[in-house]
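> just to be clear, the model below is a prediction. Sequence and coordinates:
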Amino acid sequence: KIVDLPNGIAVVADTTWHAIKGIKALKPIFHLGNKKKISSEVIDNGFNEVLNSMKETVKDESTLDIEYSMPFLSHAAIESTNCTANVKSNSCEIWVPTQSQSICFDKILEITDIPEENITIHTPYVGGGFGRRIKVDEVEHAVLISKNIKKPVQVLWSREEDIQNDYYHSGSKARYQIKINNEGLPQQWDNQVVKPDFMAQDYSILNTLDFNPFNYIFTPNDSFIPGLIGLTKSPYKIENANFNYTNFEPGVPIGPWRSVFISNAFYIESAIDEVAHFAKKEPLEYRKKLIGNNPRVQNILEIIAKQSDWSKSLPTGQGKGIALFHELDMVIAQVATISVNSRGKLTILKIDCVVDLGSYINPSIVKAQIEGGIIMGISSTLKEEIIFEEGIVSQNNFDTYKIAKMKDIPEIEITLLESEANAKGV
């Protein structure tokens with residue numbers, strides 16, 4: 001049986017294999033309309049237009065003018081999107097690996113007239129969520145189909161459907177104009193970021209205002225906004241720091257990906273490294289100088305330096321890089337040891353990590369969470385990128401959307417610290 005859905009069609013059969021064969025035989029043709037104009041090139045041009053309107057390029061020997069970008073990314077969870085639903089005349093029962101039972105509940109109420117007390121949601125283990133399973137399109141599909149055919153139904157997306165119909169981590173672009181003084185320290189720090197805001201897609205008021213205070217996370221800035229909503233200010237003591245953010249609607253669905261504000265840390269730490277190099281300063285000592293009197297953060301840097309043998313000489317073709325992040329009362333520092341061979345191939349040899357998250361209960365769970373974040377960071381850096389062409393995603397499986405494999409993952413050493421800071425998770 002064929003069932004119409006708000007954004008597609010479903011083929012219902014007695015087995016998953018028969019349903020797959022049925023949809024292939026059906027050969028549906030979808031008309032994209034204006035969506036067909038969407039491409040990675042168009043989005044990137046849009047990013048550049050927005051950034052150009054925010055600030056002109058600076059040409060000054062004492063000013064570093066730099067630009068970074070991040071790609072769109074798929075969640076690519078090993079377990080593809082799925083939901084089982086059984087809708088009866090006066091009850092609804094679903095089985096869904098979800099990250100938000102309450103949103104599932106609201107969606108069922110929206111679709112059916114079933115009383116709240118007759119709705120049951122079973123949540124099995126999530127085979128990889130990473131923020132994708134906050135969305136509930138699979139719940140909508142399963143409930144609508146079961147309601148239509150008056151039987152239980154399991155909706156199971158193929159890998160191709162999963163990758164091409166994601167709520168993607170949004171690509172973005174950042175520019176910096178950083179002027180240094182005679183000591184090599186920033187005396188003017190201007191930062192512009194253009195990034196599609198997934199919260200603005202969910203809450204239109206944010207899109208109308210072109211404002212989301214959470215985009216200020218970790219950014220050096222002189223604004224009162226972070227303190228107003230309880231965000232931790234950047235540990236870097238930089239005067240005349242200006243941060244400007246503009247939302248950009250790319251025309252594709254976006255959502256949280258593993259962590260919500262990963263772009264800020266990548267951009268800022270990359271900029272700090274480049275400024276240190278521009279000023280001919282050692283990057284770890286440069287950070288310590290910028291941080292100043294902050295014992296907790298300074299302690300993290302001391303420990304990561306010792307753990308990673310930061311000052312140890314390395315063979316030709318090897319190097320180390322350091323990064324720091326401080327937010328929600330958690331401080332984390334990492335050092336990556338890498339090698340580059342004569343053909344330019346980069347290999348990550350080891351990741352050292354030190355984390356101070358106040359207090360914790362189960363160190364194994366904390367380390368697993370951090371290891372997972374490191375591995376996805378490696379994968380997104382070395383392998384992943386979603387490309388849009390004529391309104392659709394070019395990749396459709398793991399042969400075209402590459403992810404890191406076991407051979408790409410280095411030794412990971414994590415040290416957990418306890419402190420008096422508030423415990424807010426990791």
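Sure, I can see it. Numbering: from 1, shown residues only.

> now do stretch 130-147, average pLDDT.
For stretch 130-147, mean pLDDT is 96.

> from Phe388, how far out is Pro71?
When distance is defined by CB to CB, to the nearest Å, Pro71 is 11 Å away from Phe388. Every C-beta, even on glycine, is put in place using the N, C-alpha and C of the backbone.

> the more surrounded of these two?
Set Pro71 next to Phe388 and count neighbours by other CB atoms under 10 Å: Phe388 wins out with 21 against 16.

> list the beta-bridge partners for the more buried one.
Val393 (DSSP bridges).

> my guess is it contacts Lys37. True?
No: Phe388 is not in contact with Lys37 according to CB atoms under 8 Å; the separation is 10.2 Å.

> in terms of secondary structure, what does the one helix or strand Asn148 maps to contact?
Using DSSP states H and E, Asn148 sits in helix 137-149. For helix 137-149, the elements it packs on are strand 2-5, strand 82-87, strand 92-95, helix 101-111, strand 153-156, judged by 3 or more CB pairs under 8 Å, 6 or more residues apart in numbering; DSSP states H and E.

> mind saving the C-alpha coords of stretch 7-16 as PDB?
What follows is stretch 7-16, C-alpha atoms only, in PDB (Å, rounded to 0.1, in the frame of the first residue of the first chain):
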ATOM      1  CA  ASN A   7       6.800  15.600   2.700                       C
ATOM      2  CA  GLY A   8       6.900  12.400   0.700                       C
ATOM      3  CA  ILE A   9       5.300   9.000   0.300                       C
ATOM      4  CA  ALA A  10       5.600   5.600   2.100                       C
ATOM      5  CA  VAL A  11       5.300   2.100   0.700                       C
ATOM      6  CA  VAL A  12       3.900  -0.300   3.200                       C
ATOM      7  CA  ALA A  13       4.600  -4.100   2.800                       C
ATOM      8  CA  ASP A  14       4.800  -7.200   4.800                       C
ATOM      9  CA  THR A  15       8.600  -7.000   5.100                       C
ATOM     10  CA  THR A  16      11.200  -4.300   4.900                       C
END
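
> and that stretch, how far out from the chain middle?
Stretch 7-16 has its C-alpha centroid displaced from the chain centroid by 31 Å (CA atoms, centre = their mean, to the nearest Å).

> please apply the same query to stretch 67-85.
That offset, for stretch 67-85, works out to 10 Å (CA atoms, centre = their mean).

> pLDDT on that stretch, on average?
96.

> give me the distance between the two termini of it.
From its first residue to its last, stretch 67-85 covers 48 Å (CA to CA, to the nearest Å).

> now it: buried residues?
Across stretch 67-85, burial judged by 16 or more other CB atoms under 10 Å covers 68, 70-77, 80-85.

> repeat that for stretch 123-142.
Buried, per 16+ other CB under 10 Å, within stretch 123-142: 129-142.

> with stretch 40-54 instead?
Quick answer for stretch 40-54 (16+ other CB under 10 Å): 40, 43, 46-47, 50-51, 54.

> among those residues, which are in helices?
With helices taken from DSSP state H, the overlap with the buried residues of stretch 40-54 comprises 40, 43, 46-47, 50-51, 54.

> any chance of these in JSON lines, plus pLDDT?
Supplementary listing: those in JSON lines, determined by pLDDT from 0 to 100:
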{"residue": "Ser40", "pLDDT": "98"}
{"residue": "Ile43", "pLDDT": "98"}
{"residue": "Gly46", "pLDDT": "97"}
{"residue": "Phe47", "pLDDT": "97"}
{"residue": "Val50", "pLDDT": "96"}
{"residue": "Leu51", "pLDDT": "96"}
{"residue": "Met54", "pLDDT": "92"}
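
> any chance of the residues you listed in TSV, with distance to Pro283 too?
Below are these laid out as TSV (distance: CB to CB, whole Å):
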residue	distance to Pro283
Ser40	32
Ile43	32
Gly46	33
Phe47	28
Val50	30
Leu51	26
Met54	28
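
> which one of those residues sits closest to Pro410?
Set against Pro410, the nearest of these by CB to CB is Ser40 (29.9 Å).

> list the contacts for that closest one?
72, 387-389 (CB atoms under 8 Å, 6 or more residues apart in numbering).

> in JSON lines, list those along with distance to Phe248.
Formatted as JSON lines, these follow (distance: CB to CB, whole Å):
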{"residue": "Phe72", "distance to Phe248": "12"}
{"residue": "Ile387", "distance to Phe248": "18"}
{"residue": "Phe388", "distance to Phe248": "14"}
{"residue": "Glu389", "distance to Phe248": "19"}
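
> shaky segments in this protein?
57-59, 226-230, 260-262 (pLDDT under 70).

> any idea which helix is longest in it?
helix 363-382.
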